[in-house]
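Chemist: sequence unavailable; structure follows:
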């Protein structure tokens, strides 16, 4: 795991919280897809960029492997253009396959080694985009603290 890049991801998520027109973008259910409509309780937080991104998507944006497309969504650029987003994010954060699964996927999606249940429960219970970001930040910090084991 690239600790410096993981810490940069946390810093990015903290910054995202501060901008009302951007924070609605964070959604663990989407790897950089176009925003098509309201998401549960987040109806009033449509992201200005019309894009939804999870931890992998935010890593891709942070390290310049992708850009927000004009109509929304993330376009991969350069050498990453033809690669799957999760693989690009895994490479940028220098994660092995198990670590990538633990960071990018929920257990309820059928990934035995996905997010620990406590974080997924808190994420799903969050009523605002800021709440979701707070849980994601806590999740990444826990991941760093456990050296990617949890």
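Modeler: Nice, thanks for sending it over. Quantities reported herein were computed from a predicted structural model and do not represent experimental measurements.
Chemist: ok now do the closest residue to residue 148 other than its chain neighbours, which residues does it touch?
Modeler: Closest residue to residue 148 apart from its sequence neighbours, by C-beta to C-beta, 6 or more residues apart in numbering: residue 99 at 4.0 Å. Any C-beta I mention is one placed from the backbone N, CA and C, and that applies to glycine too. Applying C-beta atoms under 8 Å, 6 or more residues apart in numbering, one finds that residue 99 lies in contact with 1, 90, 143, 148.
Chemist: so the first one touches residue 145, yeah?
Modeler: To tie it back to what came earlier, the one meant is residue 1. No: counting by C-beta atoms under 8 Å, residue 1 does not reach residue 145; the two are 11.5 Å apart.
Chemist: ok, the two, which is more surrounded?
Modeler: residue 1 (15 against 10; other C-beta atoms under 10 Å).
Chemist: what about the more buried one, distance to residue 129?
Modeler: Residue 1 sits 27 Å away from residue 129 when distances are taken as C-beta to C-beta, to the nearest Å.
Chemist: mind listing what residue 114 touches?
Modeler: 101-102, 105-108, 120.
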